[in-house]
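S.K.: predicted model and sequence follow; I will ask about them next.
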Amino acid sequence: MTFDLNFFGMLIGAIMASSVPLILAASGELITERSGVLNLGVEGMMIVGAISGFALMVLTDNLFLAVIGSMLSGLIISSIFGFLTQTLFTNHVASGLALTIFGIGISAMIGKNFVGIPGKDFPLLLVNLRESIPFVGPILFGHSIILYVAFALPFATNYFLKRTKLGLIVRAVGDSPVSASNQGINVTLVRYSCILYGGAMCGLAGAYLSLIYTPQWIENMTAGRGWIALALVVFATWSPLKVLVGAIIFGGVTIMQLHLQAIGLTIPVQLLSALPYIMTIIVLVVISRDSRKIKLNTPTSLGQIFYKEK
Amino acid sequence: MEVQLIKIEKRNDVSRSIFLLTPILAIFLTLFGGGIIFYALGFNPLEALKFFFITPISDLYGLSELLLKATPLCLIAIGLSFCFKSNNWNIGAEGQLIFGGIVGGGVALLFYNHDGFYVLPIIILSGAVGGMVFAMIPAILKTFFNTNEILVSLMLVYVAKLLLDYLVVGPWSNPEGFNFPETRQFSASARMPILFDGLRIHAGIFITLVTVFLSWLILYKTYLGFQIKVSGLSLKTANYAGYKGKIMIIIVFMISGACAGIAGVGEITGPIGQLHRNISPDYGFTAIIVAFLGRLNPVGIIFASLIVALTYLGAETAQIFLQIPKYTGQVFQGMILFFLLASDYLLFFKIKFLGLKKNDI
């Protein structure tokens, strides 16, 4: 096989594209979890974002509206989860699971009339540079604006959590809601905001799939990516920059499967696909057995119900 | 002066009647919510609900299908109730079902062309062991490495799915199957006996019923059941009382995994008759709803499994008559859980309507 630089550039570009929905959803979920809320509804919020974005694109013919609408719909559906867990103090695991199941169902119902409609070309930036510069071109250029946003997001999230007052508040609420509340912080409000933000990001991740990655509507098209995003947050030990690394690994595995098949390598593709999940379990074991490591970033109150006597 | 019309108070003890009534309230709210969604999509809500919940079970075949789908749901949910009662969040029953199916299916292929009454029991037993072993992974990691069992059990679902995919595409695929991703049809001795001619309901239902009875016995009549419940209410108390909390975690996961594994075997030796990619329409996940709706109570879970099984059937009927996607069933499943969780609020809080008093105005 000849060593083709441009081919490798294309390969890296493809890996980047496939990691975008993972980065977006995981970054959103990371903020939610850092505030102490475990929302297992990522898959559901993503799929609702995917159909809303696609439906709005078909109905309004306006891609900007479609993207904004997908984020809004992710936010709206996450508010169900927020209301249940924060106002009615329900169990996070069960509520999140209900959200995923409901989301998959309702998206299929809404999407009934949108099956088989072709998508629209999403504007890609600097396509001519992509063609003219070998190797670097296909990596850096010719992507949608959402890809650039996604790759900047972990850095922004990192800055937000570590360097801003609001970020400190989110972390405080996640680590010790009782002390945060005693400091006069409205824990419920902070957690609501983080849940809604997470919902919006998952909505955007879904829209990336239905508008850009595979521009069409297919039932259940998120195909487990929401669960991978959840795994990714743990894999990254709740650190935004590691989400980026993890997403590229997880996304890379998806792309590599296709190419390994083409080359005719004998490694079963299923083993490759299973690797990210097995790796996540190993990472979980490694961070969990060392109490210092897990204390570093893990929100201490994750998944616990906070009830303040009024 | 601020006038307070409604006062919300935390209850000191859980009301027994509300505990049993909220699932029924949740079901009614779900029907109502479903009607609204059907109306919004341009269907006559009453007619749509009729197609969903009455048409599917209006004949003998429908009733048999209902029991066929309730059988695995009930069995898995019973197993999960052991985990949930002791505060162990096993949400990977789907993976345990698939792994049990893989092991049971492997044994069935091994005994291909064997006749004998012993074949089916061996398959069922090996499926139970398969599910049990698979469920022990999150349990052991939790007890020895303090790992979060929610995430591990969930990750393992995908590992099991991919393993099944690998096996039916590769080494286990039917040699005369034209490369279809499926194994051979199991021989007759490896199939669950059919109860009635022309209906698909099989002997697996008896396994489920026996398991329900045994669970009731263990949970309510034995010391082990008492220990499980105490560990669920307070791990501190359990440790203080000298119960072995760690062994308890492994035991409940083993019970739960075995149930899911048997459910998997029931599917492949019952209606399916071979291994292929989709041996379960997410029974493992839906059973979590069943466990909640049944209030983690063996009798409650029987009723809950019938209701949730109906959403599967309803979705199939509605797909035919109303041309709506089969995923519609999940809308109802999600809503039931939403409303059930929401109405649990009434369990823990009292809402008092104070009304206006003269001196408030």
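M.R.: Everything's here; your move.
S.K.: OK, contacts around B:I91?
M.R.: Neighbour list for B:I91: A:L40, A:V93, A:L97, B:I150, B:S153, B:L154, B:F285, B:I288 [criterion: Cβ atoms under 8 Å, 6 or more residues apart in numbering or on different chains]. Any C-beta I mention is one placed from the backbone N, CA and C, and that applies to glycine too.
S.K.: out of those, who's nearest B:I247?
M.R.: Comparing the contacts of B:I91 against B:I247 with Cβ to Cβ places B:S153 closest, at 18.5 Å.
S.K.: wait, that closest one touches B:G92, no?
M.R.: Yes. With contact defined as Cβ atoms under 8 Å, B:S153 reaches B:G92; the gap is 2.9 Å.
S.K.: enumerate every residue touching the residue in the stretch 201-310 of chain A positioned nearest to chain B.
M.R.: Nearest to chain B, among the residues of the stretch 201-310 of chain A, is A:Q270, at 3.9 Å (Cβ to the nearest Cβ). A:Q270 makes contacts with B:L162, B:L163, B:D165, B:Y166, B:V169, as judged by Cβ under 8 Å, 6+ apart.
S.K.: what touches both of B:S153 and B:G92?
M.R.: B:A135, B:P138.
S.K.: which residue lies nearest the spatial centre of chain B?
M.R.: Centroid-nearest residue in chain B: B:A287, 1.4 Å away (criterion: Cα atoms, centre = their mean).
S.K.: what about the strands in chain A?
M.R.: Along chain A, counting by DSSP state E, no stretch forms strands.
S.K.: low-confidence ranges, it, go.
M.R.: Counting by pLDDT under 70, the ranges of chain A that qualify are A:1-3, A:137, A:261-262, A:264-266, A:290-297, A:308-310.
S.K.: ok, and the closest non-adjacent residue to B:A93?
M.R.: For B:A93, ignoring the flanking residues on the chain, the nearest one in space by Cβ to Cβ, 6 or more residues apart in numbering or on different chains is B:G284 at 3.7 Å.
S.K.: can you check A:L99 too?
M.R.: A:G41 (3.0 Å).
S.K.: ok, B:A260 next?
M.R.: B:Q96 (3.7 Å).
S.K.: quick one on the thing from earlier: contact partners for the residue nearest to A:L99?
M.R.: Residues in contact with A:G41 (Cβ under 8 Å, 6+ apart) are A:I77, A:S78, A:F81, A:S95, A:G96, A:L97, A:A98, A:L99, A:T100, A:G103, A:G226.
S.K.: kindly report the same for A:T280.
M.R.: So A:T280 contacts A:A231, A:L232, A:V234, A:F235, B:L151, B:M155 (Cβ under 8 Å, 6+ apart).
S.K.: what does A:S288 give?
M.R.: Per Cβ under 8 Å, 6+ apart, neighbours of A:S288: A:I294, B:L141, B:F145, B:N146, B:T147, B:N148.
S.K.: can you tell me which of those residues is nearest B:I37?
M.R.: B:N148 (34.3 Å).
S.K.: do I have it right that the closest one meets A:L284?
M.R.: Yes. In this structure, B:N148 is within contact of A:L284 by Cβ under 8 Å, at 6.5 Å.
S.K.: which neighbours do the two share?
M.R.: When contacts are counted by Cβ under 8 Å, 6+ apart, B:N148 and A:L284 have A:V234 as shared neighbours.
S.K.: who's more crowded, those two?
M.R.: Neighbour totals were compared for B:N148 and A:L284, and A:L284 leads with 25 against 21 (other Cβ atoms under 10 Å in any protein chain shown).
S.K.: just confirm B:T30 is within a helix.
M.R.: Yes. Using DSSP: H, G, I helix; E, B strand; the rest coil, the assignment for B:T30 is a helix.
S.K.: burial of it, as a residue count?
M.R.: Quick note: B:T30 (other Cβ under 10 Å) scores 22 neighbours.
S.K.: any idea of the pLDDT on B:I268?
M.R.: pLDDT recorded at B:I268 is 95.
S.K.: phi, psi of it?
M.R.: phi -80, psi -30 (degrees, to the nearest 10).
S.K.: show me what contacts it?
M.R.: Listed by Cβ under 8 Å, 6+ apart, the contact partners of B:I268 are B:G101, B:G104, B:G105, B:A108, B:F186, B:Q274, B:L275, B:I279.
S.K.: closest to chain A among these?
M.R.: Nearest member of these to chain A, counting by Cβ to the nearest Cβ, is B:L275, at 14.2 Å.
S.K.: contacting residues for the closest one?
M.R.: B:G101, B:I102, B:G105, B:L109, B:L164, B:L167, B:V168, B:W172, B:E182, B:T183, B:I268.
S.K.: output the residues you listed as JSON lines; include the columns secondary structure.
M.R.: Below are the contacts of B:L275 laid out as JSON lines (three-state DSSP):
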{"residue": "B:G101", "secondary structure": "helix"}
{"residue": "B:I102", "secondary structure": "helix"}
{"residue": "B:G105", "secondary structure": "helix"}
{"residue": "B:L109", "secondary structure": "helix"}
{"residue": "B:L164", "secondary structure": "helix"}
{"residue": "B:L167", "secondary structure": "helix"}
{"residue": "B:V168", "secondary structure": "helix"}
{"residue": "B:W172", "secondary structure": "coil"}
{"residue": "B:E182", "secondary structure": "strand"}
{"residue": "B:T183", "secondary structure": "coil"}
{"residue": "B:I268", "secondary structure": "helix"}
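S.K.: most surrounded residue in the contacts of A:S288?
M.R.: B:T147 (25 neighbours).
S.K.: isn't it up against B:I140?
M.R.: No. In this structure, B:T147 is not within contact of B:I140 by Cβ under 8 Å, at 9.1 Å.
S.K.: which residues in the stretch 251-361 of chain B form strands?
M.R.: For the stretch 251-361 of chain B, applying DSSP state E, counting those that start in this stretch gives strands covering B:349-353.
S.K.: for it, which spans come out with low pLDDT?
M.R.: B:352-361.
S.K.: how about the residues of it by chain A?
M.R.: B:285-286, B:288-289, B:292, B:323-335, B:337-338, B:341-342, B:344-345, B:348 (Cβ under 8 Å from any Cβ of the partner chain).
S.K.: show me which of those are buried.
M.R.: B:285-286, B:288-289, B:292, B:324-335, B:337-338, B:341-342, B:344-345 (16 or more other Cβ atoms under 10 Å in any protein chain shown).
S.K.: got the contact list for residue 173?
M.R.: No chain was given, so I picked chain A. Neighbouring residues of A:V173 by Cβ under 8 Å, 6+ apart: A:S35, A:G36, A:A180, A:I185, A:V187, A:V190, A:R191, A:S301.
S.K.: the intended chain is chain B.
M.R.: B:N179, B:F180, B:P181, B:E182, B:T183.
S.K.: before we move on, back to that, looking at the contacts of A:T280, which is nearest A:Q216?
M.R.: Closest to A:Q216 out of those is A:L232 (25.3 Å), distances taken as Cβ to Cβ.
S.K.: from the chain's centre, how far out does stretch B:324-344 sit?
M.R.: From the chain centre to the centre of stretch B:324-344 is a distance of 14 Å (Cα atoms, centre = their mean, to the nearest Å).
S.K.: got the CA coordinates for it in CSV?
M.R.: Coordinates of the C-alpha atoms in stretch B:324-344 are reproduced here as CSV (Å, rounded to 0.1, in the frame of the first residue of the first chain):
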residue,chain,number,x,y,z
ILE,B,324,-47.3,5.0,13.1
PRO,B,325,-43.8,3.8,14.0
LYS,B,326,-43.4,0.9,16.4
TYR,B,327,-41.3,3.1,18.7
THR,B,328,-44.6,4.7,19.8
GLY,B,329,-44.7,2.0,22.5
GLN,B,330,-41.7,3.7,24.0
VAL,B,331,-43.6,6.9,24.3
PHE,B,332,-46.1,5.2,26.6
GLN,B,333,-43.4,3.3,28.5
GLY,B,334,-41.5,6.6,29.1
MET,B,335,-44.7,8.4,30.1
ILE,B,336,-45.7,5.7,32.6
LEU,B,337,-42.4,6.0,34.3
PHE,B,338,-42.5,9.8,34.2
PHE,B,339,-45.9,9.9,35.8
LEU,B,340,-45.2,7.2,38.3
LEU,B,341,-42.1,9.0,39.5
ALA,B,342,-43.9,12.3,39.6
SER,B,343,-46.8,10.8,41.6
ASP,B,344,-44.3,9.4,44.1
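S.K.: great, nothing more from me.
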